[in-house]
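# okay, sequence plus prediction incoming.
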Amino acid sequence: MLGKAKTATGVPHWRRAAVIPYVWLIAFFLVPFLIVFKISLSETAIAQPPYLPVLDLSAGREGLRRFLAGLSLENYAALASDRLYLAAYLKSLEVAAFSTLMLLVLGYPFAYAMARAPRRLQAMLVMLVVLPFWTSFLIRVYAWINILQRDGLFNQILLALGIVEEPIGWLSTNTAVYIGIVYSYFPFMVLPLYAALEKIEVSLHEAAADLGAPPWKAFWSITVPLSRPGIVAGSLLCFIPIVGEFVIPDLLGGSATLMIGQTLWTEFFANRDWPIASAVAVALLCLLIVPILIYQHQQAREIEQGR
Amino acid sequence: MGRGFSAINLASAALGLCFLYLPIAILMIYSFNASRLVTVWGGWSLAWYRELLADGAMLESAWVSVRVALLSLARSGRFRGRLLFTGLLYAPLVMPEVITGLALLLLFVAIGLDRGFWTITVAHTSVTLCFVAVVVESRLLTFDRSLEEAAMDLGAPPLRSFLLVTLPLIWPAIAAGFLLAFTLSLDDLVIASFTTGPGATTLPIRIYSEVRLGVKPEINAICTLMIVTVALGVVAAAMLNRRRELQRAEAVDLTAKL
């Protein structure tokens, strides 16, 4: 291509411009993870910083040797042997899997309706979905505390309708955590679904109808397969952060919904056990690395197709 | 996809929107409640807004938040050309915040930085950078490279053609990215909690510590203020964008007629 050859003069410039954020991301994203990994191999100590061994560069090679000898896998052994951590991991996976499923079931009809709405309305609907996302995450979770507390609106309505005899304690339950998560992640699910559904031609449906397919069959064999990229992107976009979610289970959940994000938070802030907290983080990352890679791969492919 | 907006579609759209907006609406209404008891309606009142203005710590933390947000915005706005490192870019988008927060904190400890205002700023910049980059990148996808090439063919040096041709064309995306970075930074609790130090309490940290102790009318008030501010900003931006697009459409029409 002729154009390619011409841009060649511009390439070094682009390269130079791209270096700054590249370096920034390596320094503040990649390097920190290596440090987390290193500290997860250290021992807790009552010192500043609160772990041993500390790498002493001034001692030269002898210092490095002593540092390496001090590292151990003890924290990981502690993680594996303590049922509390294992239970928190499983709980996180369970909550993330179920809420992603619920989000898909609730989000799909909504995204579908958005994609089928008249053009003028669509832009409006997209904005209405995005708008709550701009308001604080914390506020939206807090709004639910208002509603779900013992003398809150939800119980008042149930009482007034005579559905329940006395107020139910909704807070500190699994239900509250699920409500909070589904509510907060709703836009993350709907937008990728909408983006995929919006591209599907109506004429495909009409063709299926002409050929005698009932609507549900046309939906199942045309719309659903064609919206697959949206389903995958939306599910991963929800699943991955939900596994590590801290704010929602902490504010809405109780001891029955102890998720791994809370465990990490407690180890770090309450127990001041940095090495264990780091080990929890590394273990969590191992759990998520496969979904993250799938997500990246999928996004990269989307971009390639967009070109 | 204009046709087929059936009753079922209408119902699911309406239900979805109710689900999204009812909790926020309830919170806003209760912020005007005169009663000290959060759940008992005691008539309309602005008492909690007055209380809020008297709360120095809350206002102080709001100011810290705004400063952090503005600064991380200024940093992440730096343009980064075509992004070849999608791998590094998409991971922070989905990475659980507890991991990012812990990792950044340990970095700051390792290089011996005092934690506080600046460490929060650096942390927020790193995370919002990725969000801004993704928004801008999506715009660059639809950008016609030949325009830039034409400018260079006509003798403009790369930097100049970038400033005069590329930048104005992708400006809406950069603006959207700015807004997004700003709200993300203003909103963040987890990363800020990890990377903060004494003397730099941001608004979310402050709200979180209050909320843990139970529902308070003052919190309803400040939440309402935050929601209204953000909503106004977004609506204004959308309207501006729309007007610009209308103008462009008219210009295209005009050239077509000529």
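Good, I have the coordinates. Values in this document were obtained by computation on a predicted structure and should not be read as measured data. Numbering: from 1, shown residues only, chains lettered A, B, ... in the order given.
# show me the helices in chain B, by range?
B:7-30, B:47-54, B:56-76, B:86-94, B:97-110, B:117-141, B:145-153, B:158-161, B:167-187, B:190-195, B:203-211, B:217-257 (DSSP state H).
# now the weakest link among those helices, please, by mean pLDDT.
Lowest mean pLDDT of these: helix B:56-76, a mean of 57.
# wait, A:Thr135 touches B:Ile24, no?
Yes. If you go by Cβ atoms under 8 Å, A:Thr135 and B:Ile24 touch, sitting 6.9 Å apart. All C-beta atoms are positioned from the backbone trio N, CA, C, and that covers glycine.
# what do these two both touch?
B:Ile227 (Cβ atoms under 8 Å, 6 or more residues apart in numbering or on different chains).
# which non-adjacent residue is nearest B:Asp187?
Of all residues not flanking B:Asp187 in the chain, A:Ser136 sits nearest, at 4.5 Å (Cβ to Cβ, 6 or more residues apart in numbering or on different chains).
# ok, that neighbour - contacts?
By Cβ under 8 Å, 6+ apart, A:Ser136 lies in contact with B:186-187, B:204, B:223, B:226-227.
# now with 10 Å, please.
Taking Cβ atoms under 10 Å, 6 or more residues apart in numbering or on different chains, we find A:Ser136 in contact with A:142, B:183, B:186-189, B:203-204, B:207, B:222-223, B:226-227, B:230.
# out of these, give me the one that has the most neighbours.
Top of these by neighbour number is B:Asp188, holding 28 neighbours under the definition other Cβ atoms under 10 Å in any protein chain shown.
# just to revisit the earlier point, including distance to A:Ser42, could the contacts of A:Ser136 go into TSV?
Below are those laid out as TSV (distance: Cβ to Cβ, whole Å):
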residue	distance to A:Ser42
A:Tyr142	37
B:Thr183	37
B:Leu186	35
B:Asp187	33
B:Asp188	28
B:Leu189	27
B:Leu203	34
B:Pro204	31
B:Ile207	34
B:Ile222	41
B:Cys223	41
B:Met226	40
B:Ile227	44
B:Val230	42
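# tell me how many other residues crowd the closest residue to chain B within chain A.
Going by Cβ to the nearest Cβ, chain B is nearest to A:Gly244 of chain A, at 2.1 Å. Using other Cβ under 10 Å as the criterion, A:Gly244 is surrounded by 25 other residues.
# right, and it touches B:Glu97 too?
Yes. Between A:Gly244 and B:Glu97 a contact is recorded at 7.0 Å, counting by Cβ atoms under 10 Å.
# got any residues that touch both of those two?
Contacts common to A:Gly244 and B:Glu97, judged by Cβ under 10 Å, 6+ apart, are A:261, B:190.
# number of nearby residues for A:Val177?
Counted with other Cβ under 10 Å, residues neighbouring A:Val177 total 25.
# so which residue is dead centre in chain A?
Central residue of chain A (Cα atoms, centre = their mean): A:Pro241, 1.5 Å from the mean position.
# quick one, what contacts that one?
A:Pro241 touches A:96, A:181, A:184-185, A:188, A:261, A:288, B:93-97, counting by Cβ under 10 Å, 6+ apart.
# try 7 Å
Listed by Cβ atoms under 7 Å, 6 or more residues apart in numbering or on different chains, the contact set of A:Pro241 reads B:94, B:96.
# check which helix or strand covers it.
Secondary structure from DSSP states H and E places A:Pro241 in helix A:228-243.
# which parts of that helix are buried?
Neighbour-count burial for helix A:228-243, counted by 16 or more other Cβ atoms under 10 Å in any protein chain shown, picks out A:229-231, A:233-243.
# could I get those residues as a markdown table with pLDDT and distance to A:Leu251?
Putting these into a markdown table (pLDDT from 0 to 100; distance: Cβ to Cβ, whole Å) gives the following:
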| residue | pLDDT | distance to A:Leu251 |
| --- | --- | --- |
| A:Pro229 | 85 | 33 |
| A:Gly230 | 88 | 30 |
| A:Ile231 | 92 | 29 |
| A:Ala233 | 87 | 28 |
| A:Gly234 | 89 | 24 |
| A:Ser235 | 92 | 24 |
| A:Leu236 | 88 | 25 |
| A:Leu237 | 86 | 22 |
| A:Cys238 | 90 | 19 |
| A:Phe239 | 91 | 21 |
| A:Ile240 | 88 | 21 |
| A:Pro241 | 88 | 16 |
| A:Ile242 | 91 | 15 |
| A:Val243 | 90 | 18 |
